[in-house]
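would you be able to build a 3D model of this:
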Amino acid sequence: MTSPIRKYAFINAKLRARISNLFSEDALNRMMSVQTLDEALGFLRDTTYGVLDEVYGKTGDLKLGELELLKKEIELFTELEKYIRGVELDLIQALVIRYEIDNLKNALRLYFDRKIRHRNIDRAVPYILHEKIRHDISIDSIINAENIEEISQSLIGTPYARIIEENMPDVLKDGSLFILEIALDHYYYKNLIGRAENLSPGDRKETLRIIGVEIDLQNINWIVRFRGFYDLPLEKALNIIIPGGYNLSSSSFKETYASQNVTQILQGVVKARYPGLSTLLSSQTIDSSSRLLLIERILERIMLHEIRRIMTGYPFTIGIILSYFILKKNEIKKVQTILNAKQYNIPVDRIKGVI
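Residues are numbered from 1 along each chain as shown. Predicted coordinates:
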């Protein structure tokens, strides 16, 4: 059996170097402080985000630049596949499915807009990824399908055909993709946990903890939206919750949903495991949007706490891979938020409020 040091020494060194080159808070603040979108893009010109400036310079279309950035983000995973084998490679490939599912959701939404809502989708089609990610999927066949059954047929040979077939009655009854999209998310985490279970004991523990925290964050985010914005019945909401969380049980969510006090569930978790974040819970919010933003900020800090724990612990585990991709994804999200804010002339203080 390959030792952890031999397995992860090269990747650990490679990814720690990349992590050290991520934008600091100061660099992001400087990017926020520029006056125009062109200046913000210029700030990125000689970085790994240079493709955004390049594409925008040729097309004047920021969304096309974001599409190219998405391709490069996926390539970060496929590049790592050259250095990983066996069950660790299976896990990386399971992580990449997140991008495939998100892209499939976008294609399904375009189909729904075109066929059900009778909207023109011509302007949206260029911004969807058509290249293969993990499975052979014809995105055009989904977008241009005549019905849900035709979409299911086009996905034969992938795990998504069965998911669509099973949820087709609810989609047709509700006139909504909501329950189908939730089912796709459930598949992603179930598959990811299944791959994690095959890892060595140390890697399995580390991976399941990170996945569990991510599931907690996803579930809390859903609870906020289901209760505050959709007023979803308790039973239906609990059926949607993803199993496998690290800190939170279904009974915790049930209590929170009934009391309508989301901060209650966070208080218990923060005080028990992340006491350094307790001051955030005391922040006063005026409306539901501000409250949601505060909760999202706390959830992000919880994940960053877990990453710091990994980064300062034993270096030769799969945790370094998980940490890098979470940090990189957060950085990409912040860069895109700043650029979109600059495009619409949003003041700096408002940008800082959502980053």
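
averaged over its residues, what pLDDT does the helix or strand hosting T337 have?
Assigning secondary structure by DSSP states H and E places T337 in helix 319-343. The pLDDT scores in helix 319-343 average 94.

stretch 129-148 now?
Mean predicted confidence for stretch 129-148 is 95.

that one: which residues count as buried?
L129, I133, R134, I137, I139, I142, I143, N144, A145, I148 (16 or more other C-beta atoms under 10 Å). Heads up, the C-betas are built off the backbone N, CA and C, glycines and all.

distance to T59 and secondary structure added to those, as CSV?
Formatted as CSV, the buried residues of stretch 129-148 follow (distance: C-beta to C-beta, whole Å; DSSP: H, G, I helix; E, B strand; the rest coil):
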residue, distance to T59, secondary structure
L129, 17, coil
I133, 23, coil
R134, 28, coil
I137, 26, coil
I139, 21, helix
I142, 25, helix
I143, 22, helix
N144, 25, coil
A145, 29, coil
I148, 34, helix
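
JSON lines for those, including distance to E88?
Formatted as JSON lines, the buried residues of stretch 129-148 follow (distance: C-beta to C-beta, whole Å):
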{"residue": "L129", "distance to E88": "26"}
{"residue": "I133", "distance to E88": "19"}
{"residue": "R134", "distance to E88": "16"}
{"residue": "I137", "distance to E88": "25"}
{"residue": "I139", "distance to E88": "29"}
{"residue": "I142", "distance to E88": "32"}
{"residue": "I143", "distance to E88": "35"}
{"residue": "N144", "distance to E88": "38"}
{"residue": "A145", "distance to E88": "37"}
{"residue": "I148", "distance to E88": "37"}
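
quick check, nearest of those to A183?
I148 (13.2 Å; C-beta to C-beta).

so which strand or helix has the spatially closest residue to the closest one that is not a sequence neighbour?
Take I148 and drop its neighbours on the chain: the residue closest to it by C-beta to C-beta, 6 or more residues apart in numbering is M168, 5.2 Å away. Assessed by DSSP H and E, M168 sits inside helix 160-174.

can you give me the neighbour number for L108?
22 (other C-beta atoms under 10 Å).

tell me the SS of it?
Put simply, L108 is helix when judged by DSSP: H, G, I helix; E, B strand; the rest coil.
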